[in-house]
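Q: The following block contains a protein sequence and its predicted model.
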Amino acid sequence: MMGFRYFLAAIALVALITGMAIYSNLYPQNIEDNEDIIYQTSTINALVEGVYDGDITFEELHKHGDFGLGTFNQLDGEMIALDGDFYQIKSNGIAYLVNDSMLTPFSVVTFFESDDEILLRKSKNYSELEHYLDDLLPTENIFYAIKIEGTFDYIKARSVPGQNKPYSNLAIVVQNQSIFEFNDVKGTIVGFRTPEYVGGINVPGYHFHFITNDKQAGGHVLEFEIENVSVNIDYTSDFYLVLPENEEFYELESVKEMQKDIEKVER
């Protein structure tokens with residue numbers, strides 16, 4: 001019962017703090033009409049705690065975005081969505097087209113429409129790009145979808161294998177992650193910058209996935225060196241959250257502070 005009260009409190013907190021047109025987006029018919037919106041399934045806290053069973057199909061996810069990232073039922077690899085196609089990058093590093101019947105326990109998508117384009121001439125690593133973009137963006141308090149295209153000097157990426165119950169939390173799972181390194185590779189980085197105040201719901205700050213131009217390989221981005229690439233940014237103020245309907249999520253202590261674990265699994 002205590003866990004369920006925490007769950008209700010967390011939902012109330014989402015509605016209170018976000019101020020992102022929650023009321024107008026409560027109903028499915030309204031969200032279907034709005035393409036300039038971030039659509040998210042589950043929360044990053046739930047994923048980090050081991051809630052890996054998906055209950056939303058990729059057929060449904062297609063209705064809400066053509067661009068984004070996430071993962072798969074039983075945490076079987078990294079998901080990247082680009083130009084309307086969804087890919088599963090498994091622990092062997094190979095990218096596979098996603099079947100509509102597959103399930104996701106955590107995904108973030110939108111219909112990408114660039115509001116700003118930056119031609120990045122000088123070499124930057126992951127951390128340097130974060131600071132560079134933060135200085136350019138008009139505010140830290142809305143969501144941004146970010147697409148980076150070009151030839152990348154270096155990318156370090158990862159994926160994780162599918163899990164079996166009882167699930168370990170994600171900080172333990174990533175200890176067995178597969179690492180892939182790319183040099184002088186053409187491709188696209190897909191990601192989001194999320195406000196700090198939704199920590200626990202989504203990854204605060206930047207979160208990127210990568211796929212090669214031939215759509216054969218990629219993964220969750222851990223580090224990079226980039227130069228002479230284009231950066232397109234979609235400013236988004238509306239956010240819609242769909243929560244899992246399963247026992248594992250209902251029993252999750254949603255108010256638990258997990259920022260350190262999130263940092264471990266992201267970078």
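A: Okay, I see it.
Q: wait, isn't residue 174 in contact with residue 159?
A: No: using Cβ atoms under 8 Å, residue 174 is not in contact with residue 159; the gap is 10.0 Å. C-beta here means a position set from N, CA and C on the backbone, and glycine is covered the same way.
Q: and those two? which has more neighbours close in?
A: Higher neighbour count among residue 174 and residue 159: residue 159, with 27 against 19, using other Cβ atoms under 10 Å.
Q: got the contact list for that one?
A: Residue 159 sits next to 77, 78, 89, 90, 91, 92, 93, 177, 178, 180, 219, 220 when contact means Cβ atoms under 8 Å, 6 or more residues apart in numbering.
Q: okay but the first one is in contact with residue 160, surely?
A: Yes: using Cβ under 8 Å, residue 77 is in contact with residue 160, at 7.0 Å.
Q: Pull up the overlap in contacts between these two.
A: Common neighbours of residue 77 and residue 160 (Cβ under 8 Å, 6+ apart) are residue 91.
Q: Return the members of the contacts of residue 159 classed as buried.
A: 77, 78, 89, 90, 91, 93, 177, 178, 180, 219, 220 (16 or more other Cβ atoms under 10 Å).
Q: pLDDT score for residue 251?
A: We have a pLDDT of 89 for residue 251.
Q: That one: how many residues sit nearby?
A: Residue 251 has 13 nearby residues by other Cβ under 10 Å.
Q: Return the alpha-carbon coordinates of stretch 87-103 using CSV.
A: Output in CSV follows, covering the C-alpha atoms of stretch 87-103 (Å, rounded to 0.1, in the frame of the first residue of the first chain):
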residue,chain,number,x,y,z
TYR,A,87,15.7,-0.2,-35.6
GLN,A,88,16.8,-2.6,-32.9
ILE,A,89,20.5,-2.6,-32.2
LYS,A,90,21.2,-5.9,-30.4
SER,A,91,24.1,-6.8,-28.2
ASN,A,92,26.0,-8.0,-31.3
GLY,A,93,26.0,-4.4,-32.6
ILE,A,94,23.9,-5.2,-35.6
ALA,A,95,20.8,-3.0,-36.4
TYR,A,96,17.6,-4.8,-37.3
LEU,A,97,14.3,-3.4,-38.6
VAL,A,98,11.7,-3.5,-35.9
ASN,A,99,8.5,-5.5,-36.3
ASP,A,100,5.3,-3.6,-35.4
SER,A,101,4.2,-6.4,-33.0
MET,A,102,7.3,-6.0,-30.8
LEU,A,103,6.9,-4.3,-27.4
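Q: Next, the buried residues of it.
A: 87, 88, 89, 90, 91, 93, 95, 98, 102, 103.
Q: returning to what we had before: let me have the contacts of residue 159 in TSV, adding secondary structure, distance to residue 122 and pLDDT as columns.
A: Below are the contacts of residue 159 laid out as TSV (DSSP: H, G, I helix; E, B strand; the rest coil; distance: Cβ to Cβ, whole Å; pLDDT from 0 to 100):
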residue	secondary structure	distance to residue 122	pLDDT
77	coil	33	98
78	strand	28	98
89	strand	29	98
90	coil	34	98
91	coil	34	97
92	coil	34	97
93	coil	29	96
177	coil	30	96
178	strand	31	97
180	strand	26	98
219	strand	25	98
220	strand	25	98
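Q: Residue 65 versus residue 54, what's the distance?
A: Distance, residue 54 to residue 65, by Cβ to Cβ, to the nearest Å: 16 Å.
Q: who has more neighbours, these two?
A: Each of residue 54 and residue 65 has its neighbours counted (other Cβ under 10 Å); residue 54 has more, 25 against 22.
Q: Need the phi and psi values for that one.
A: phi -80, psi 150 (degrees, to the nearest 10).
Q: With residue 198 instead?
A: phi -100, psi 20.
Q: what number of residues lie near it?
A: Using other Cβ under 10 Å as the criterion, the residues surrounding residue 198 number 20.
Q: what's the answer for residue 232, then?
A: By other Cβ under 10 Å, neighbour count at residue 232 equals 16.
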